[in-house]
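> show me how the following folds:
(chains A and B)
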2 protein chains.
Amino acid sequence: MPPCVLCAATDPATTVLWQTPQLRVVRVLDAPDFPAFYRVIWQAHVAEFTDLTAAERSICMAAVATVEQALRTALAPTKINLASLGNVVPHLHWHVVARFDWDSHFPQPIWGSPQRAGDAARLAALKDDLPALDQRLAATLTQSTV
Amino acid sequence: MPPCVLCAATDPATTVLWQTPQLRVVRVLDAPDFPAFYRVIWQAHVAEFTDLTAAERSICMAAVATVEQALRTALAPTKINLASLGNVVPHLHWHVVARFDWDSHFPQPIWGSPQRAGDAARLAALKDDLPALDQRLAATLTQSTV
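Residues are numbered from 1 along each chain as shown, chains lettered A, B, ... in the order given. Sure thing, here's the model as predicted:
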């Protein structure tokens, strides 16, 4: 087995917004069609949500909810998509993605078939909003009881 | 807008295993490549996870975790996939799917590209296990504090 990429200290395809000994929140940088793509990654190498205790699951989902709320407030997306899959990297991580009715895949999941070309101008505008969002999100996470 | 299919009282494509005034747990019957496909559906018509209160989110995820654990115990799947998307039907529902390294799409998400043909014999054997699993899962949910 190759080493787990989510156990590695650094991943150049993400930027870490906030972390604790239990979890970290990152923004994904290598999904150009979906700039507002975040992950909540459990630090310990466990595969499944139910490998966590109930208390740990609460902490994990509180972080997911905090990310979701920040995306809703800042971006008013058409829909938030949440997923914990891990078929390729079986290390517990939640995808939190802001979806827009104009994005390349909507209403398909981001893993589905493209429905149209990406809208370069809207994607660029969305990307411009993210550094400020990241800062507010990091502040909210820091102040939270997560 | 057409009426919401998840607000409708009955959906012939699912079988209801258990319900409370807040949520229901169903097995999905119309995904032949993925027989062990369950959903936790919030009864009220809300779109996003963060439309729930923190207490409601806990109740919702406790049900998701109970379904996941039942699938793990009964089926020893390669991986569990969890997702709340709702791009097509924006009524909060969680997909809980047992995935196997032999299934038609693994390791792609079920919404991704097929990787191989479905294995009819294994799918049939898996399907045979589900009625007993459903019964145990319904009993566990009934006994739970969900």
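
> when you work out contacts or count neighbours from here on, use the C-alpha atoms and nothing else.
OK.

> isn't there a helix covering residue A:70?
Yes - counting by DSSP: H, G, I helix; E, B strand; the rest coil, one finds residue A:70 located in a helix.

> surely residue A:64 meets residue A:38?
No - with contact defined as Cα atoms under 8 Å, residue A:64 does not count as touching residue A:38 (9.3 Å).

> these two - which one has more neighbours?
Per other Cα atoms under 10 Å in any protein chain shown, whichever of residue A:64 and residue A:38 has more neighbours is residue A:38, with 27 against 23.

> wait, that one touches residue A:27, no?
Yes - judged on Cα under 8 Å, residue A:38 makes contact with residue A:27 at a distance of 4.3 Å.

> show me the strands in chain A, by range?
A:14-19, A:23-28, A:37-42, A:79-84, A:93-99 (DSSP state E).

> can you say which of the ones you listed is nearest to residue B:84?
Distance to residue B:84, taken as Cα to Cα, is lowest for strand A:79-84 among those, at 5.1 Å.

> what angle separates that closest one from strand B:79-84?
Here the directions of strand A:79-84 and strand B:79-84 differ by 160 degrees (axes from the mean of the first three to the mean of the last three Cα atoms, to 10 degrees).

> so which elements touch strand A:79-84?
Packing partners of strand A:79-84 (3 or more Cα pairs under 8 Å, 6 or more residues apart in numbering or on different chains; DSSP states H and E): strand A:93-99, strand B:79-84.

> that older thread, reformat the strands of chain A as JSON lines; add mean pLDDT and distance to residue B:140.
Output for the strands of chain A, formatted as JSON lines (pLDDT from 0 to 100; distance: least, Cα to Cα, whole Å):
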{"stretch": "strand A:14-19", "mean pLDDT": "96", "distance to residue B:140": "35"}
{"stretch": "strand A:23-28", "mean pLDDT": "98", "distance to residue B:140": "30"}
{"stretch": "strand A:37-42", "mean pLDDT": "98", "distance to residue B:140": "27"}
{"stretch": "strand A:79-84", "mean pLDDT": "98", "distance to residue B:140": "23"}
{"stretch": "strand A:93-99", "mean pLDDT": "98", "distance to residue B:140": "26"}
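
> could those be laid out in JSON lines, adding distance to residue A:106?
Formatted as JSON lines, the strands of chain A follow (distance: least, Cα to Cα, whole Å):
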{"stretch": "strand A:14-19", "distance to residue A:106": "23"}
{"stretch": "strand A:23-28", "distance to residue A:106": "19"}
{"stretch": "strand A:37-42", "distance to residue A:106": "14"}
{"stretch": "strand A:79-84", "distance to residue A:106": "10"}
{"stretch": "strand A:93-99", "distance to residue A:106": "7"}
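
> of those strands, which is nearest residue A:136?
Nearest of those to residue A:136, taken as Cα to Cα: strand A:14-19 at 10.0 Å.

> any idea how far chain B is from the most centrally placed residue in chain A?
Chain A has residue A:38 as the residue nearest its centroid, 2.0 Å off, counting by Cα atoms, centre = their mean. To chain B, residue A:38 is 15 Å away according to Cα to the nearest Cα, to the nearest Å.

> contacts only, for that residue.
By Cα atoms under 8 Å, 6 or more residues apart in numbering or on different chains, residue A:38 lies in contact with A:25-28, A:67, A:95-97.

> how about 10 Å then?
With contact set as Cα atoms under 10 Å, 6 or more residues apart in numbering or on different chains, residue A:38 has these partners: A:14-17, A:25-29, A:64, A:67-68, A:71, A:82, A:94-98, A:134.

> list only buried entries from those.
Among the contacts of residue A:38, those classed as buried by 16 or more other Cα atoms under 10 Å in any protein chain shown are A:14, A:16-17, A:25-28, A:64, A:67-68, A:71, A:82, A:94-98, A:134.

> what number of residues lie near the nearest residue to residue A:97 once chain neighbours are set aside?
What sits nearest to residue A:97 in space, not counting adjacent residues and going by Cα to Cα, 6 or more residues apart in numbering or on different chains, is residue A:37, at 4.4 Å. When neighbours are counted by other Cα under 10 Å, residue A:37 registers 22.

> could you list the low-pLDDT ranges of chain A?
A:1, A:145-146 (pLDDT under 70).

> swap in 90 and give it another go.
In the predicted model of chain A, residues A:1-3, A:8-12, A:144-146 satisfy pLDDT under 90.
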